[in-house]
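K.L.:
build me a structure from this.
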Amino acid sequence: MSKKHGILDGLNEEYYQISRDILGSFNKFRPPLSIFYFKEDVARITPYYTVGERLSNEQVEELGSLTDQGLIFVSRDDHPVYVKHISYQLDLVLVDASLQEKEIADIFKEAFTRRMKEFLEQPVKAVLEKLWADLMVLTEYLYVDIARSRALGRRLHEEHNLENHSVNCGFLGLALLGRMFGGDGFENRISRKEFDRLTAGLFLHDMGMTKLPAFLREKDKPLQLDERAKVNQHTKAGFEMLTRLDLRFAEIEQCVTQHHERINGSGYPLKSAKQDFPGRFCAVVDSFCAMISKRPYAPQKGYLKAATELAGDGRYDKAITKALQTFLVVDLKMKP
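P.N.:
Purely as a prediction, here's the structure:
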């Protein structure tokens, strides 16, 4: 048993212990999931509120007091409901000590998939501000312990669309940063501002694709030369969007403009062999995430096969592709 209130050890295997902040985020009289109370005298969890009912004023007041005492829980069986609820108020992950890393990763996946969809459908400053606020929650969560990013790397979307690809690149990129620069002293290898901006660049690198007709993005046959030329303009379109959004940070610009450049000068739009680190890094992440997803115009590849192909391709940074292979084998425990 835990010393506090005699609460049973292992209780968090089945229940979340919620805080006043989490409770306050629920509907006051009709919380979205059932609530349980730990009865100290019998050392047992009992139902306090069942979803669909309505709490009285007296119960609302009592519930707050019991929550402050650490006696109120919600079932982990309601994890999908909890994930969706917290994903709308993402900063709550920073105050809920009962959430496990894998559960927080689920919340981030839900939140960013929805938020990226909103932004890509309406890439204006007001929507960007909401996305940016959520990105800062994510970077705050990871900057203190970059090893937490491994759980994100296990939660990539399989189906390819623009928002899923953006989330995959963000998650995989952060996990790969953890592999390359993790361990003690992460904050000495990359500043918080650099980390914030590189994270944003990974999520936003393909924003220029929103300027293309949907039929071009989703075409299941090889592109014609004029269609390919239009697609290749998305890096320029993305850069122009950054200007309109007043989002002119070097790390973000380099992700947006350089993720299709290659170190042997064979990429586009400039065919430049010179890439800054964010550009070289995003190039590997972007290609890998495209290769492992179910696209209408190309077969899906296994993670290790895709990473092996990139490692053998002289157009990509060797140190980054090697780190990607190491991440998959060491951190995700994938077997060749």
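
K.L.:
and for the spatially closest residue to residue 278 that is not a sequence neighbour, the neighbour number?
P.N.:
Nearest residue to residue 278 in three dimensions, chain neighbours excluded: residue 254, at 4.0 Å (C-beta to C-beta, 6 or more residues apart in numbering). (Each C-beta comes from the backbone N, C-alpha and C, glycine too.) The local packing of residue 254 (other C-beta atoms under 10 Å) involves 23 other residues.

K.L.:
surely residue 254 and residue 272 touch.
P.N.:
No. Checked against C-beta atoms under 8 Å, the pair residue 254 and residue 272 is beyond contact range at 11.7 Å.

K.L.:
residues touching residue 168, list them.
P.N.:
Contact partners of residue 168, counting by C-beta atoms under 8 Å, 6 or more residues apart in numbering, are 156, 157, 289, 292, 293.

K.L.:
recalculate using a threshold of 7 Å.
P.N.:
156, 157, 289, 293 (C-beta atoms under 7 Å, 6 or more residues apart in numbering).

K.L.:
just flag the most distant two among the residues you listed.
P.N.:
Comparing every pair within the contacts of residue 168 by C-beta to C-beta identifies 157 and 289 as the most remote, at 8.9 Å.

K.L.:
that older thread, in a strand, the residue nearest to residue 278, correct?
P.N.:
No. Judged by DSSP: H, G, I helix; E, B strand; the rest coil, residue 254 forms no part of a strand; its state is helix.

K.L.:
just to check, it is in contact with residue 280?
P.N.:
No. Counting by C-beta atoms under 7 Å, residue 280 is not a contact partner of residue 254; they are 8.9 Å apart.

K.L.:
what ranges do the helices span in the stretch 101-250 of the chain?
P.N.:
101-121, 125-143, 149-153, 162-181, 186-189, 192-204, 214-217, 225-231, 234-244, 250-258 (DSSP state H, counting those that start in this stretch).

K.L.:
nearest to residue 306, of those helices?
P.N.:
Of those, nearest to residue 306 by C-beta to C-beta is helix 162-181, at 10.9 Å.

K.L.:
pLDDT-wise, which helix or strand of the protein ranks last?
P.N.:
Every helix and strand of the chain was ranked by mean pLDDT, DSSP states H and E. The lowest is helix 214-217, at a mean of 84.

K.L.:
list the contacts of that helix.
P.N.:
162, 209, 227, 230, 231.

K.L.:
in PDB, list the C-alpha atoms belonging to that helix.
P.N.:
Only the C-alpha atoms of helix 214-217 are listed here, as PDB (Å, rounded to 0.1, in the frame of the first residue of the first chain):
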ATOM      1  CA  ALA A 214      -6.300  17.900 -53.800                       C
ATOM      2  CA  PHE A 215      -6.400  15.700 -57.000                       C
ATOM      3  CA  LEU A 216      -2.700  16.300 -57.500                       C
ATOM      4  CA  ARG A 217      -1.800  15.400 -53.900                       C
END
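
K.L.:
can you mark which positions in it are buried?
P.N.:
Buried positions in helix 214-217, judged by neighbour count with 16 or more other C-beta atoms under 10 Å: residue 217.

K.L.:
from now on call the first residue 404
P.N.:
Sure thing, new numbering starts at 404, so read that last one as helix 617-620.

K.L.:
which residues does the spatially closest residue to residue 543 that is not a sequence neighbour contact?
P.N.:
Spatial nearest neighbour of residue 543, excluding adjacent residues (C-beta to C-beta, 6+ apart): residue 497 at 6.5 Å. The contact partners of residue 497, by C-beta under 7 Å, 6+ apart, come to 540, 543, 544.
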